[in-house]
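1. for reference, the sequence and a predicted model appear below.
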Amino acid sequence: NIQLIDSNKMYEEIFYRIPVSSLRHGWFLENTSHNSKKTFDVFKRLMDVMVAFPLLILSIPFYILVYVLIKLDDGGPIFVTQERVGLKGKSIYIAKFRSMSKNETNLLSGSQNKITKIGKFLRKTRIDELPQLWSVIKGDQSLIGPRPELRSGVSFYEEKIPFYNVRHLIKPGLSGWAQIYHENHPHHGVDVVETTNKLSYDIYYIKNRSFVLDVIIALKTLKTLLGREGK
């Protein structure tokens, strides 16, 4: 009469992540079937457009404000465009308000790229992410999903981290499970340990994604924005 509980499942329920070291190929066959998620994916796409389009309209005044602030700060370009890796490993191109001294495209370069004065404000408030709403409407991204990484970073990590490419089974997003729970994001370089930890949260989302989970992520993201805790 002893009840047995799988240790990996218990870990997942306690820490809201799935350690990469516990995964085997059979796990993906069992937990990443797209057939059971087709209805959710269609509904998710509909919600992306219905939410992103009004947000895009409401964000237009910020474009004027950011233009003035960046020009007063260092006079450089307003936008940066970067190649990121999206669904099924395909390249997508996202635009952001420039928050650094130059456009960073290679995480392996070791360049001394610095955050500008206004860039600190843009990042903290997540205003720098607003132009990515165009990518959501276009269909390259979703509002919720694993954050898309630079191509240079992906090429590095897929050789170092087992099952790294599983995060490309679904469409990337502006905010995600890892953005909420993983604190040490490697922003301006490569970090195998922290990226492996981040992947464990992305895999949790891929397995458990649902309307309820997306609402939880959206509300927690909104709480972060209102609390100006963004990184």
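-> That came through fine.

2. chain center to the lowest-mean-pLDDT helix or strand in the chain, what's the gap?
-> For the chain, scoring each helix and strand by mean pLDDT, DSSP states H and E identifies helix 25-31 as the least confident one, at a mean of 78. Distance of helix 25-31 from its chain centroid, counting by C-alpha atoms, centre = their mean, to the nearest Å, is 23 Å.

3. list the buried residues of the helix or strand just after that helix.
-> Toward the C-terminus, helix 25-31 is succeeded by helix 38-58 as the next helix or strand (DSSP states H and E). Using 16 or more other C-beta atoms under 10 Å as the test for burial, helix 38-58 gives 44, 47, 48, 52, 56. C-betas here are computed from N, CA, C, even on glycine.

4. equivalent analysis for stretch 80-88, please.
-> 80, 82, 84, 85, 86, 87.

5. residue boundaries of the helices in the protein?
-> Along the chain, counting by DSSP state H, helices occupy 7-15, 25-31, 38-58, 60-73, 117-125, 133-138, 151-160, 177-181, 192-208, 211-226.

6. the longest one versus helix 211-226: what angle between them?
-> Regarding helix 38-58 and helix 211-226, their directions subtend 20 degrees when assessed with axes from the mean of the first three to the mean of the last three C-alpha atoms, to 10 degrees.

7. residue closest to the middle of this protein?
-> residue 147 (1.7 Å; C-alpha atoms, centre = their mean).

8. what about the nearest residue to that one once chain neighbours are set aside, distance to residue 167?
-> Nearest non-adjacent residue to residue 147, counting by C-beta to C-beta, 6 or more residues apart in numbering: residue 176, 5.7 Å away. Applying C-beta to C-beta, to the nearest Å, the value for residue 176 to residue 167 is 10 Å.

9. can you check residue 141 too?
-> In terms of C-beta to C-beta, residue 141 sits 13 Å off from residue 167.

10. what do you get for residue 194?
-> Distance check for residue 194 against residue 167: by C-beta to C-beta, it reads 15 Å.

11. show me which of the two is the more surrounded one.
-> residue 167 (27 against 14; other C-beta atoms under 10 Å).
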